[in-house]
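>>> Return a 3D structure for these sequence lines:
(chains A and B)
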Amino acid sequence: MMVAFFAYFALMSMAAAVLTVALRNPVHCGLALLALLLHVSGLFVLLNAEFLWAVQVVVYAGAILVLYLFVLMLLNLKTEERYFHSTALYFVVPTVLGSLYVLALLFKSPYGGAKGDAPTSAVLKEGDTYAIGMKMFSDYLLQFEIVGIFLLGAIIGAIVLAKTPKPLGNDVNR
Amino acid sequence: MVPLSAYVAVSAVLFITGLLGVMIRRNFIIVLMAVEIMLNAANINLVAFSYYLESMAGQLVALFVIAIAAGEAAVGLAIIIVVFRGKISTNVDEMNLLKW
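Alright, predicted model coming up:
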């Protein structure tokens, strides 16, 4: 059962990623990105990360993607004739060959490592949200605050950048 | 039981797709979407290792990555709006004002 769900989410997310990169109309690309984000959130559920699933759906699919679609419709882009670079073929062929080699290496790797202190049974006892909260507000408090400051800076930067510049009196050089 | 290498393979394929999108697309907004694909690939990797190595740290870093992606999208789209207002184009090849 797990394998079937994993196969579905993995194949659909890869197909949606390819569509996001390959489709011609930017709005269609945005909708393919939405499919990708939702299927990736399904992979998070399979990995016992329900909190990240919720964050992925709310923040990514709900906020970021709507921002993208909003800007796309605000700008009213015309679909271009040539939407790939003229040098696209020189990138695609070596990248596909190189990624096949990397995939072969990945499947052969053993992936051993020291286990942490949060086995599945301990996470499932109190829930994933509880486990993340306990960890975030004890060991990762500084990073949490830094992300808060970063988001404040991003908000101010976005507002300052996107604001219509005010005409400055007689200063014609502006 | 799905092996860890399957998740890492999915993540690698998504990352390569996003990297390819950044390199070959000419529309700035699609390039930003390809960056989002790469960030999602990194998130899959972090959460998968967090599950298989039984540590909570991976999920926390994935959460921070999502926050960074939100900031990146906001500032990137603001830059797109400014550029579009000035030049009426979102083609990355025509944005060469800072090129020496």
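
>>> Show me where the chain has its helices.
Chain wasn't specified; assuming chain A. Here chain A has its helices, by DSSP state H, at A:2-22, A:26-46, A:50-55, A:65-75, A:88-108, A:120-126, A:128-136, A:141-162.

>>> sorry, should have said chain B
B:4-24, B:28-52, B:57-87.

>>> Let me see the domain layout of chain A.
A:1-78, A:119-163 (automatic domain parsing).

>>> With B:N43 as the reference, name the closest of the ones you listed.
Between B:N43 and these, the shortest separation by CB to CB is 7.1 Å, and it involves domain A:1-78. C-beta here means a position set from N, CA and C on the backbone, and glycine is covered the same way.

>>> is any part of that closest one close to chain B?
Yes: applying CB under 8 Å from any CB of the partner chain, one finds domain A:1-78 touching chain B at A:2-3, A:6, A:10, A:13-14, A:17-18, A:20-21, A:26, A:29-30, A:33, A:36-37, A:40, A:43-44, A:46-49, A:51-52, A:55-56, A:59-60, A:63-64, A:67-68, A:71-72, A:74-75, A:77.

>>> before we move on, back to that, using JSON lines, lay out the domains of chain A together with mean neighbour count.
As requested, the domains of chain A are exported to JSON lines (neighbours: other CB atoms under 10 Å in any protein chain shown):
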{"stretch": "domain A:1-78", "mean neighbour count": "19"}
{"stretch": "domain A:119-163", "mean neighbour count": "14"}
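
>>> In CSV: the ones you listed, plus distance to B:S50 and mean pLDDT.
Output for the domains of chain A, formatted as CSV (distance: least, CB to CB, whole Å; pLDDT from 0 to 100):
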stretch, distance to B:S50, mean pLDDT
domain A:1-78, 7, 91
domain A:119-163, 10, 89
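
>>> Now for B:A78, how many residues are close by?
Residue crowding around B:A78 was assessed by other CB atoms under 10 Å in any protein chain shown; the count is 19.

>>> quick one, what contacts it?
By CB atoms under 8 Å, 6 or more residues apart in numbering or on different chains, the contact set of B:A78 is A:G157, A:A158, A:I159, A:L161, A:A162.

>>> Next one, pLDDT for it please.
Listed pLDDT for B:A78 reads 90.

>>> Return the most buried member of the helices of chain B.
Comparing the helices of chain B by mean neighbour count (mean count of other CB atoms under 10 Å in any protein chain shown), helix B:28-52 comes out on top with a mean of 23.

>>> What average pLDDT does it get?
Computed over helix B:28-52, the mean pLDDT rounds to 93.

>>> who does that helix touch, helix- and strand-wise?
Applying 3 or more CB pairs under 8 Å, 6 or more residues apart in numbering or on different chains; DSSP states H and E, one finds that helix B:28-52 makes contact with helix A:2-22, helix A:26-46, helix A:65-75, helix B:4-24, helix B:57-87.

>>> could the ones you listed go into a markdown table alongside distance to A:F84?
What follows is the helices and strands packed on helix B:28-52, written out as a markdown table (distance: least, CB to CB, whole Å):
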| stretch | distance to A:F84 |
| --- | --- |
| helix A:2-22 | 9 |
| helix A:26-46 | 13 |
| helix A:65-75 | 19 |
| helix B:4-24 | 5 |
| helix B:57-87 | 19 |
